[in-house]
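Fold the stuff below for me.
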Amino acid sequence: MSASRDERLAAALAIKKLDGFTEQIVTVVEDVDGVPIHVDEIYQQTVVFLPEAFGVTEADIEAAELIESAAEQESE
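Now for the predicted structure:
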């Protein structure tokens with residue numbers, strides 16, 4: 001079963017908030033007692049938001065953000 005348009009849009013909005021977020025990942029090799037022996041790997045990953053990966057357009061995202069913003073202002 002595929003996600004509905006609203007579900008895809010909600011997922012896209014959530015990921016867009018992370019656009020550009022970078023996290024550094026470090027893998028450390030430990031001995032059997034859990035003592036670090038050496039760093040095996042260091043790399044960074046960055047979130048890149050691509051609306052088309054969710055089957056939505058940039059215009060869909062902008063409209064959803066306006067609705068979300070208006071709902072937040074109304075609740076205040």
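
buried sites along stretch 7-19?
Arg8, Leu9, Ala12, Leu13, Ile15, Lys16 (16 or more other Cβ atoms under 10 Å). No exception for glycine: its C-beta is placed from N, CA and C like everyone else's.

sorry, that was for stretch 46-64
Result for stretch 46-64 [16+ other Cβ under 10 Å]: buried residues Phe49, Pro51, Phe54, Val56, Asp60, Ile61, Ala64.

if you look at these, which of them are in helices?
Among these, the members found in helices (DSSP state H) are Asp60, Ile61, Ala64.

With respect to Pro36, which of those is nearest?
Ile61 (42.9 Å; Cβ to Cβ).

Thought Pro51 was touching the closest one, still the case?
Yes. Using Cβ atoms under 8 Å, Ile61 is in contact with Pro51, at 5.6 Å.
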